[in-house]
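**Student:** No letters, just coordinates:
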């Protein structure tokens, strides 16, 4: 079992920056692939960025060059640094932990943190 708690959301002007954090507890954090997803009103939840247990990175095309995902296994925390924010980045951002053990999928979600980009 993994518990995830996001923080760092808020209101920011276009062109500004925010750093989201997701603190994990309850299991071996370093063994999990971690991801950031977002869901805007009326839209489906979408992958923003992900980092595997081995450090491989994956980004949505819409955030490449602006967002950076990283993890600190010693602190059981994953981060999302968001720069050059746009109004279309407005959404609830969710942290996700995923691991496969003996072909069994284990997926956990945080409660979400609101990011609003507006002038």
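**Tutor:** Happy to help now that I have it. What you are looking at is a predicted structure, and each value in this text was computed from that prediction instead of being measured. Numbers count the residues shown, from 1 in each chain.

**Student:** Pick out the residue closest to the middle of the chain.
**Tutor:** In the chain, the residue lying closest to the centroid (C-alpha atoms, centre = their mean) is residue 36, at 2.2 Å.

**Student:** Check the spacing between it and residue 96 real quick.
**Tutor:** Look at residue 36 and residue 96: by C-beta to C-beta, to the nearest Å, they are 7 Å apart. Every residue, glycine included, has its C-beta placed from N, CA and C.

**Student:** ditto for residue 65
**Tutor:** Counting by C-beta to C-beta - residue 65 and residue 96 are separated by 22 Å.

**Student:** about what we covered before: who does the residue nearest to the centre of the chain form a beta bridge with?
**Tutor:** residue 49, residue 95 (DSSP bridges).

**Student:** got it, and residue 82?
**Tutor:** Here residue 82 sits in beta bridges with residue 18, residue 67, going by DSSP bridges.

**Student:** Now do the strands in the chain.
**Tutor:** 3-7, 10-12, 18-25, 33-39, 46-51, 57-59, 67-72, 77-82, 91-101, 104-109, 113-117 (DSSP state E).

**Student:** What are the neighbouring residues in contact with the nearest residue to residue 43 once chain neighbours are set aside?
**Tutor:** Among residues not flanking residue 43 along the chain, residue 91 sits closest, at 7.8 Å (C-beta to C-beta, 6 or more residues apart in numbering). With contact taken as C-beta atoms under 8 Å, 6 or more residues apart in numbering, residue 91 is in contact with 38-40, 43, 115.

**Student:** could the residues you listed be laid out in CSV, adding neighbour count?
**Tutor:** Putting the contacts of residue 91 into CSV (neighbours: other C-beta atoms under 10 Å) gives the following:
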residue, neighbour count
38, 23
39, 14
40, 14
43, 9
115, 22
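
**Student:** Angles on the backbone of the residue sitting furthest away from the middle of the chain, please.
**Tutor:** Distance to the chain centre peaks in the chain at residue 102, reaching 25.6 Å (criterion: C-alpha atoms, centre = their mean). Residue 102 adopts backbone torsions of phi 50, psi 50, taken as degrees, to the nearest 10.

**Student:** gap between residue 66 and residue 3?
**Tutor:** Residue 66 is 29 Å from residue 3, by C-beta to C-beta.
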